[in-house]
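J.: give me a 3D structure for the following:
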Amino acid sequence: MASVSKSANGLIRILFTNTNGIRETISLGRVPKKMAERICVHIESLLAHKITNQPLDKATADWVSELDQSLRSKIAKRGLIKEAHVLSLGDFLNDFVLTRKSVQNSTKEVWNQTIRELTAFFGAKKLLSDISVGDARNFKDHLLSKKLAPTTVEKRLGFARQFFNSAVDHGFLDANPFRGVAHSGSGAIKNRQKYIPAAIVKDIINIADRDWKIIIALCRFGGLRCPTEVLSLQWKDINWDKHEMTVLSPKTARYSGKESRVIPIFKELRPFLIEAKENALPGQTHVVGGNFLQKSKGDKKWRNINLRKPFQSLITKAGYSSWPKLFHNLRASCETDQLDSSPLHVVAEWFGHSIEVAKTHYALMKDIHFLKAAGCTLEPQSSLEEFRPYQLQVNAAQNPTQQAPAQPSVNRKENALSLKSVPTYAGVCKTMQNAAKPVKAEEGGFEPPVEFPPHSISSAAQSAALSPLRMAGEESILGEEVGLRQSGQTANPHSQAN
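T.: Have a look, this model is predicted:
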């Protein structure tokens, strides 16, 4: 246990017994008693950490990271923490992060974005030990001020936390100042997850050239990562007899047993593979032809290949607007389709990730899920109306002869419910259509007739009850009765059907 002691001349000291049973003293000077007591609590926590070898609690870890050099040296001399190493941020990031041989160049390219942010904000010459928790939080505020996407802020803070964890592992720091500094981007992830229907993709494939046809098909109907897995697939990897193919995975190759995976040739993909095989050039070893794979041999590897712009052009040419994540949304849509017929753990294995990753990033909701839950009997889809959120608004001047389809209408006077209140799916079920139609009452009304005992109503009461109708200028029942009497006819409220 540690205790606070005050000498005769007013100097404050922390007294404690170290792990070897030797009495130690840390002089604090003339400081407030409450401050000394807080320091004493952290000293006890450091002692417990040394004795039990358990992780340091967050409060003490944050306190250690913010210590000034004087007090830090005193505590370090007593063996409770490590002496601060004089290592700059720039040297650490260059010598201990970017030189890791087990990390692929593509990953280092992504890391460089965070490294540039860190060095620009703190300065390359700032000592690693001088970066406190408050500094880390200020860095987060800096990222947020740049109006970056929430997922981008989340990733860059995660990389910073990873870098400083490495500094702790190497003994350069006692605690990670980024340990509790995070930002949630899960909401933004959901906003960028879109299910891309197969009909849209087939429209795009129909206008694509030979190489792009199979690139798009492998993404949407094979679920391969693009460009790494798509461009690495060879004809020798496809076993037509067993209806399976071996997918090389450069992204996960550094993990034991994750260099490749075997997946079925999904029935939606098979026709496109057969067509690509028939149209392959003599001597073509890879499923995707062209010079795409050759471009990946440069310094930046796969980052040399720019597939986004040409794919974006194809989407626009087909008459659709793009979705948030061009290739990832296709892969996720393929996995979502497979989840309709196969268990989650099996599908996750096919697509090369964990069940948790599948649930967070790949399992999507489709319109058909809502219709099935509503118990609807689906009609054959005759148009792409359900895909309208993705379609481009075509200028009427470019297609003057094209007319917009007529919209169903409902007489508002008959029923306030209109078809606009029903979700607009291309294959909307009959149940929902019937629910939207106005209901006509049979003769005699909705309810069976009820007989009441005779009861006379005075003419004065009738006049009082009908006066609001007259004031509103509406034609009243009493007025109709008066008109009938003047013409010599007898009013009969039941003479006409309702």
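J.: skip the chain neighbours and tell me the closest residue to Leu344.
T.: Leaving aside its sequence neighbours, Leu344 sits nearest to Ile355 (CB to CB, 6 or more residues apart in numbering; 5.9 Å). C-beta: built from backbone N, CA, C; applies to glycine.
J.: how many other residues sit next to that neighbour?
T.: Per other CB atoms under 10 Å, the neighbour tally for Ile355 reads 14.
J.: and the helices in the stretch 201-350 of the chain, which stretches?
T.: Under the criterion DSSP state H, counting those that start in this stretch, the stretch 201-350 of the chain carries helices at the ranges 210-220, 228-232, 270-279, 292-295, 308-317, 328-339, 344-351.
J.: so which of those is nearest Ala120?
T.: helix 308-317 (26.7 Å; CB to CB).
J.: picking that back up, against Val346, how distant is the residue nearest to Leu344?
T.: Distance from Ile355 to Val346, counting by CB to CB, to the nearest Å: 10 Å.
J.: comparing the helices of the stretch 201-350 of the chain, which yields the minimum mean pLDDT?
T.: Of all the helices of the stretch 201-350 of the chain, helix 292-295 carries the lowest average pLDDT, namely a mean of 74.
J.: what about Ser73, distance to Gly257?
T.: Relative to Gly257, Ser73 is positioned 48 Å away (CB to CB).
J.: tell me which of those two has more neighbours.
T.: Neighbour count, other CB under 10 Å: between Ser73 and Gly257, Ser73 has more, with 13 against 7.
J.: did I read that right, the more buried one in a strand?
T.: No - Ser73: not assigned to a strand; according to DSSP: H, G, I helix; E, B strand; the rest coil it is helix.
J.: do you have the helices of the stretch 1-150 of the chain handy? List them.
T.: Here the stretch 1-150 of the chain has its helices, by DSSP H, counting those that start in this stretch, at 33-52, 58-65, 69-77, 89-92, 105-122, 133-145, 150-169.
J.: which pLDDT value goes with the closest residue to Leu89 other than its chain neighbours?
T.: Spatial nearest neighbour of Leu89, excluding adjacent residues (CB to CB, 6+ apart): Lys126 at 5.0 Å. Per-residue pLDDT puts Lys126 at 91.
J.: Lys126 reaches Ser88, doesn't it?
T.: Yes - under the contact definition of CB atoms under 8 Å, Lys126 touches Ser88, with a separation of 6.5 Å.
J.: circling back to that earlier point, isn't the residue nearest to Leu344 up against Glu349?
T.: No - counting by CB under 8 Å, Ile355 sits too far from Glu349 to count as a contact (9.2 Å).
J.: show me where pLDDT drops low in this protein?
T.: Applying pLDDT under 70 to the chain flags residues 83-86, 185-189, 296-304, 377-498.
J.: and if we set it to 50?
T.: Counting by pLDDT under 50, the ranges of the chain that qualify are 379-428, 431-432, 436, 438-442, 444-447, 450, 452-453, 455-457, 461-462, 464-498.
J.: now Arg78. Nearest residue, chain neighbours left out?
T.: Leaving aside its sequence neighbours, Arg78 sits nearest to Glu24 (CB to CB, 6+ apart; 5.0 Å).
J.: is the one you found in a bridge, and if so with what?
T.: In this entry, Glu24 is beta-bridged to Phe16, by DSSP bridges.
J.: residue contacts, it?
T.: Applying CB atoms under 8 Å, 6 or more residues apart in numbering, we find Glu24 in contact with Leu15, Phe16, Thr17, Asn18, Arg78.
J.: burial of Tyr255, as a residue count?
T.: By other CB under 10 Å, the residues close to Tyr255 number 9.
J.: meant to ask about Glu117
T.: Residue crowding around Glu117 was assessed by other CB under 10 Å; the count is 19.
J.: isn't it right up against Arg156?
T.: Yes - between Glu117 and Arg156 a contact is recorded at 6.1 Å, counting by CB under 8 Å.
J.: shared neighbours of those two, which are they?
T.: Here Glu117 and Arg156 have Leu143 as joint contacts, going by CB under 8 Å, 6+ apart.
J.: with adjacent residues omitted, what lies nearest to Leu248?
T.: Nearest to Leu248 is Ser232, by CB to CB, 6+ apart, at 4.5 Å.
J.: how far away is that neighbour from Trp212?
T.: Distance, Ser232 to Trp212, by CB to CB: 17 Å.
J.: neighbour count: these two, which is higher?
T.: The neighbour count for Ser232 versus Trp212, taken as other CB under 10 Å, is higher for Ser232 (21 against 18).
J.: wait, what's in contact with the more buried one?
T.: Residues near Ser232 by CB under 8 Å, 6+ apart: Val247, Leu248, Pro250, His286, Leu293.
J.: sort out which of those residues are buried, if you could.
T.: Val247, Leu248, Pro250, His286, Leu293 (16 or more other CB atoms under 10 Å).
J.: in space, what's closest to the third one - neighbours in sequence excluded?
T.: Ranked by CB to CB, 6+ apart and with sequence neighbours excluded, the top spatial neighbour of Pro250 is Thr228, at 4.4 Å.
J.: and the one you found, how many residues sit next to it?
T.: Counted with other CB under 10 Å, residues neighbouring Thr228 total 20.
J.: then Pro227?
T.: Counted with other CB under 10 Å, Pro227 comes out at 23.
J.: tell me how far the ends of stretch 222-242 are from each other?
T.: Stretch 222-242 has its terminal residues 16 Å apart, counting by CA to CA, to the nearest Å.
J.: to the chain's geometric centre, what's the distance from it?
T.: Distance of stretch 222-242 from the chain centroid (CA atoms, centre = their mean, to the nearest Å) equals 27 Å.
J.: buried residues in it?
T.: Within stretch 222-242, the residues that count as buried by 16+ other CB under 10 Å are 222-233, 237-238.
J.: go on, stretch 78-95?
T.: Buried residues in stretch 78-95, counted by 16+ other CB under 10 Å: Arg78, Leu80, Ile81, Lys82, Ala84, Leu87, Ser88, Leu89, Gly90, Phe92, Leu93.
J.: would CSV of the residues you listed with distance to Leu56 be doable?
T.: Compiled in CSV, those are given as follows (distance: CB to CB, whole Å):
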residue, distance to Leu56
Arg78, 16
Leu80, 11
Ile81, 9
Lys82, 12
Ala84, 16
Leu87, 21
Ser88, 25
Leu89, 22
Gly90, 27
Phe92, 21
Leu93, 24
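J.: just the closest of those residues to Lys34, please.
T.: Proximity of the buried residues of stretch 78-95 to Lys34 (CB to CB) peaks at Leu80, which lies at 21.3 Å.
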